[in-house]
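Enquirer: okay, here's the prediction I keep looking at, along with the sequence it came from:
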Amino acid sequence: MRGRFLPILLLLLPLTATAQVCATLPGDMRAARLHVVGGPDALRVERVPVPSLRPGEILVKVHYASINPVDWKLQEAGRLPLPATPGGDFSGEIVGVAPGVTTFACGDRVAGIVDPRERSGSYAEYVAAPVDAVVRAPSAFTLQEAAAYPTVAVAAWRYLVAGADVQAGERVLVHGGAGGVGSIVVQLAKARGAYVIATASARNHAYLRALGADEVIDYRAVRFEDVVRDVDIVVDAVGGDTLTRSPQVLRMGGRLVSLAGRMSDEVCRSGRIVCPATAPWDVQAGLNGVADLIATGKLGVHIDGIYPLHQITQAQQHNRAGSTRGKVVVAIAGDPVQSASGEDVPAVRLPLQAYLDGHATGGRRHFERAFASDAILVGYKDGRYRQWPASDYIAASASERRPADEHARRRTIRQITVTGDVATAVIELDYPDMKALDHMTLLRHDGEWRIAVKAYHAWTPPAAQAAP
Ligand SMILES: NC(=O)c1ccc[n+]([C@@H]2O[C@H](COP(=O)([O-])OP(=O)(O)OC[C@H]3O[C@@H](n4cnc5c(N)ncnc54)[C@H](OP(=O)(O)O)[C@@H]3O)[C@@H](O)[C@H]2O)c1
């Protein structure tokens, strides 16, 4: 067992003076593998060699990956060279840099997309990625969010901005507004000054309005062409019949772009509507295009569920069922906690993880997402008792700066128990200057989990007390 973890030389490239070797790594890693053509059920978690670097690449220790429909579509269509490690989107930290790469360095937190038709994919503990498919992880995002957004952000930019050239004041109809791509298209269109109409089932209407949609249509109850007309742009993320019925709602000269199908040449050539050419797939253009919106809080990504790597089949099945709200994420580094029942862990873990990540980023928004607005904290720090509202705690804790000793701070979710709409969790904080045990009670209200009460016991370790 230990032999597997004996340090080996990281880079298989001939090491030159310019090569950066950040760490010693295990010789093999856990990865979801596909040995036969098939969907989610065909995936198996196995040990495989850590990928080697080629010129122009970085090696990333993957913290999170995310699921896109293209992942299981490629698997089922037999378009991956077998055996394959599927997956495109990832976030994590750089642990290796090929010679000549100057834009990234060891330790950078990054997000990106790899093409599993060409290389080992992102459902793995390590991924080698070309630098032009990687960006620095947005500091306003958790690493979960950073893994969730790459493909959908690139696609939204590619079709709405580069393809349809959306302009302020235009009316945009988004089919599939609540899905991974649609959620980004709605926010991007809104941020660029458009009037946004989105289709989704009724359960997603409040979500879409929160993203900025001006109108929502329940496609299960209403035919969109009966209630919409003269839009400037249709962005179709659904395809099939939805695509073929779309030209009639466009104004004369309106633009139709589809991520999920191709409009017939006859309709595109009719002169009544325009079918813009599909813009090139450009990861950096897309991710840099949305960077300011993320930094200013105008564009976010909703995480519908988080699964550990060993539940990769369930993660893909979640997305393949066709009703994902936002994205499904896979936790890879530090497989997350199991609940006693095995149920609802993704839903519960999200606000806890937001709380833990809030400590790391200093981000107020992460704390606010984790705590109910009327949450109470009560406990002892170095023997001093305090009871305070979460708003005061957040004001005291949120600095918007990463702590200098972040690398030495450990936070562990020790336990989660879910009973109906109530959950309890135990978290251990182990910092150089503080140790703490937090017991949380969470409540699910309107489908969202929030920490309602945090009882804590915190103390300063003797070594830190002795420090000058
Ligand atoms: N070409 C590219 O560059 C590119 C890139 C990314 C994605 N894509 C493609 O774009 C499509 C969408 O991807 P995605 O990641 O957004 O998928 P997704 O997240 O799995 O989409 C799920 C969403 O679709 C909605 N939906 C299902 N049927 C609908 C209908 N008839 N009308 C309106 N909404 C409907 C669901 O909403 P309800 O639960 O409310 O029904 C759900 O929120 C896929 O075909 C994908 O392969 C293409």
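Expert: Thanks, I have the structure now.
Enquirer: give me the residue from the chain nearest the ligand.
Expert: With C-beta to the nearest ligand atom, the shortest gap between the chain and the ligand falls at G179, namely 2.6 Å. Just so you know, the C-beta spots here come from the backbone N, C-alpha and C atoms, and that holds for glycine as well.
Enquirer: against H445, how distant is that residue?
Expert: Using C-beta to C-beta, to the nearest Å, one gets 24 Å for the distance from G179 to H445.
Enquirer: surely A452 and H445 touch.
Expert: No - with contacts counted by C-beta atoms under 8 Å, A452 stays clear of H445, the gap being 9.0 Å.
Enquirer: comparing the two, which residue is more hemmed in?
Expert: A452 (18 against 11; other C-beta atoms under 10 Å).
Enquirer: same for the one helix or strand the more buried one maps to, what does it pack against?
Expert: A452 belongs to strand 448-459 when assigned by DSSP states H and E. Applying 3 or more C-beta pairs under 8 Å, 6 or more residues apart in numbering; DSSP states H and E, one finds that strand 448-459 makes contact with helix 345-361, strand 371-381, strand 434-445.
Enquirer: which parts of that strand are buried?
Expert: W449, R450, I451, A452, V453, K454, Y456, A458 (16 or more other C-beta atoms under 10 Å).
Enquirer: specify the beta-bridge partners of I376.
Expert: Counting by DSSP bridges, I376 is bridged to P389, V453.
Enquirer: check contacts around it.
Expert: Contacts for I376 (C-beta atoms under 8 Å, 6 or more residues apart in numbering) come out as Q387, W388, P389, A390, A452, V453, K454.
Enquirer: and it, how far is that from A155?
Expert: 42 Å.
Enquirer: ok, C275 next?
Expert: 17 Å.
Enquirer: tell me how many other residues surround V95.
Expert: 20.
Enquirer: which element is it on?
Expert: strand 89-97.
Enquirer: now do T412
Expert: strand 410-419.
Enquirer: go through that strand and flag the buried ones.
Expert: R411, I413, I416, V418.
Enquirer: same question, stretch 44-62
Expert: V45, V48, V50, P51, L53, E57, I58, L59, V60, K61, V62.
Enquirer: wait, doesn't L437 sit right on A425?
Expert: No - using C-beta under 8 Å, L437 makes no contact with A425, being 11.3 Å away.
Enquirer: which one's more surrounded, these two?
Expert: Using other C-beta under 10 Å as the criterion, L437 and A425 rank with A425 on top: 24 against 15.
Enquirer: pLDDT at the more buried one, what is it?
Expert: A425 carries a pLDDT value of 89.
Enquirer: over to the one 3 residues further on?
Expert: At E428, the model reports a pLDDT of 89.
Enquirer: what sits closest to the most centrally placed residue in the chain if chain neighbours are left out?
Expert: What sits nearest the mean C-alpha location of the chain, by C-alpha atoms, centre = their mean, is A148, with 1.7 Å. Leaving aside its chain neighbours, A148 sits nearest to K327 (3.9 Å; criterion: C-beta to C-beta, 6 or more residues apart in numbering).
Enquirer: wait, is R325 part of a helix?
Expert: No - applying DSSP: H, G, I helix; E, B strand; the rest coil, one finds R325 to be coil, outside a helix.
Enquirer: contacts only, for it.
Expert: R325 neighbours (C-beta under 8 Å, 6+ apart): A178, G179, S183, N204, Y207, H302, D304.
Enquirer: tell me the phi and psi of the fourth one?
Expert: Going back to what we said before, that points to N204. Dihedral pair for N204: phi -100, psi 10, per degrees, to the nearest 10.
Enquirer: which ones are touching the residue nearest to it when sequence neighbours are not counted?
Expert: Leaving aside its chain neighbours, N204 sits nearest to A178 (3.7 Å; criterion: C-beta to C-beta, 6+ apart). Contact analysis of A178 by C-beta under 8 Å, 6+ apart lists A198, A200, S201, N204, Y207, L208, R325, G326.
Enquirer: got it, and A137?
Expert: S91, R109, V110, A111, L143, A146.
Enquirer: export the residues you listed as TSV, with columns for secondary structure.
Expert: TSV is the format used below for these (three-state DSSP):
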residue	secondary structure
S91	strand
R109	strand
V110	strand
A111	strand
L143	helix
A146	helix
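Enquirer: could you give the number of residues near R30?
Expert: Residues near R30, counting by other C-beta under 10 Å: 18.
Enquirer: ok but it is inside a helix, no?
Expert: No - according to three-state DSSP, the state of R30 is strand, so it is not within a helix.
Enquirer: contacts only, for it.
Expert: By C-beta under 8 Å, 6+ apart, the neighbours of R30 are V45, E46, R47, A124, E125, L309, I332.
Enquirer: make TSV from the helices and strands packed on strand 448-459 and add distance to V166 and mean pLDDT to it.
Expert: Below are the helices and strands packed on strand 448-459 laid out as TSV (distance: least, C-beta to C-beta, whole Å; pLDDT from 0 to 100):
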stretch	distance to V166	mean pLDDT
helix 345-361	31	75
strand 371-381	35	96
strand 434-445	36	93
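Enquirer: circling back: go back to the contacts of A178 and keep what's next to the ligand.
Expert: A200, S201, N204, R325 (C-beta under 6 Å from any ligand atom).
Enquirer: out of those residues, which end up buried?
Expert: A200, N204, R325.
Enquirer: separation between P461 and E406?
Expert: 17 Å.
Enquirer: quick check: D232 is in a helix.
Expert: No - counting by three-state DSSP, D232 is not part of a helix but strand.
Enquirer: that one: how many residues sit nearby?
Expert: 19.
Enquirer: which residue packs closest to it, ignoring adjacent ones?
Expert: Going by C-beta to C-beta, 6+ apart, D232 has E170 as its nearest residue, at 3.9 Å.
Enquirer: tell me the pLDDT of that neighbour.
Expert: pLDDT, E170: 98.
Enquirer: with D335 instead?
Expert: At D335, pLDDT is 47.
Enquirer: P81 too?
Expert: For P81, pLDDT reads 97.
Enquirer: try the one 10 residues further on
Expert: What the model reports as pLDDT for S91 is 96.
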